[in-house]
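A.B. asks: got a predicted structure here, sequence first:
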Amino acid sequence: MEVVAAEAGLSRSAVYFYFASKTALVEALIERANDEVSAFFETPAADLALNGYLVQTLAHVFRSWRLHGPVFQAAIEMSISDSAARARWRTSTLRNVDAIIALIERERRKGTEPGSPEVDEASRVAIESVCWMVERSCYALFTREHSEEDEQLLYNVLTGMVLGLASMSR
């Protein structure tokens with residue numbers, strides 16, 4: 001907390017005024033970073049097609065990991081042993097799944113994507129699985145030393161998988 005206080009230009013007691021513990025501080029950082037990512041997922045441009053949306057959100061996830069990697073790492077590691085942290089992390093990820101499904105359903109109602117307006121259970125499971133795969137793949141990459149080439153390769157591979165969701169959801 002002393003390091004946080006010094007970096008923020010505050011006294012340690014001032015930091016404790018806002019956060020009861022280091023855990024509370026980390027949880028607040030996690031919530032803020034997750035809200036930023038989810039806001040991007042939840043606000044696609046009205047004229048953005050599904051494939052463009054999926055590519056843009058994946059790029060945003062990578063930018064977010066570059067910016068907030070240690071926060072996301074802490075969230076994942078906390079979720080392993082803390083059931084409340086696990087529930088919060090799952091809720092955050094499912095928020096993103098729901099945003100993807102909402103866009104698919106919006107596109108189907110407009111007639112730009114074929115298929116029933118409602119996403120079926122198998123498609124929902126596929127979308128959720130790919131979201132978790134992206135999360136764990138980013139964790140594996142951004143929690144170790146890596147090159148720009150490593151990052152680009154993972155981005156390209158995940159882009160192909162994410163775009164597969166669009167064809168799979170039809």
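C.D. replies: Good, I have the coordinates.
A.B. asks: following the chain onward from the helix or strand encompassing Asp98, which element is next?
C.D. replies: Here Asp98 is covered by helix 83-110, with elements defined by DSSP states H and E. Sequence-wise, the next helix or strand downstream of helix 83-110 (DSSP H and E) is helix 121-142.
A.B. asks: picking up where we left off before, buried stuff in the helix holding Asp98?
C.D. replies: 85, 88-89, 92-93, 95-101, 103-105, 107-108 (16 or more other Cβ atoms under 10 Å). Heads up, the C-betas are built off the backbone N, CA and C, glycines and all.
A.B. asks: same for that helix, what does it pack against?
C.D. replies: If you count contacts as 3 or more Cβ pairs under 8 Å, 6 or more residues apart in numbering; DSSP states H and E, helix 83-110 packs onto helix 22-42, helix 50-81, helix 121-142.
A.B. asks: give me that answer again for 10 Å
C.D. replies: Applying 3 or more Cβ pairs under 10 Å, 6 or more residues apart in numbering; DSSP states H and E, one finds that helix 83-110 makes contact with helix 22-42, helix 50-81, helix 121-142, helix 148-168.
A.B. asks: make CSV from those and add distance to Ala6 to it.
C.D. replies: Shown next, in CSV, are these (distance: least, Cβ to Cβ, whole Å):
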stretch, distance to Ala6
helix 22-42, 14
helix 50-81, 17
helix 121-142, 26
helix 148-168, 31
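A.B. asks: can I get those helices in JSON lines including mean neighbour count and distance to Leu10?
C.D. replies: Shown next, in JSON lines, are these (neighbours: other Cβ atoms under 10 Å; distance: least, Cβ to Cβ, whole Å):
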{"stretch": "helix 22-42", "mean neighbour count": "16", "distance to Leu10": "12"}
{"stretch": "helix 50-81", "mean neighbour count": "17", "distance to Leu10": "19"}
{"stretch": "helix 121-142", "mean neighbour count": "16", "distance to Leu10": "28"}
{"stretch": "helix 148-168", "mean neighbour count": "14", "distance to Leu10": "34"}
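A.B. asks: any idea which of these has the lowest pLDDT on average?
C.D. replies: Of all these, the minimum mean pLDDT falls on helix 22-42 (a mean of 83).
A.B. asks: so how far is stretch 32-51 off the chain centroid?
C.D. replies: 10 Å (Cα atoms, centre = their mean, to the nearest Å).
A.B. asks: how far does that stretch stretch from start to finish?
C.D. replies: 27 Å (Cα to Cα, to the nearest Å).
A.B. asks: check stretch 137-156 too.
C.D. replies: Chord length of stretch 137-156, first to last residue, is 12 Å (Cα to Cα).
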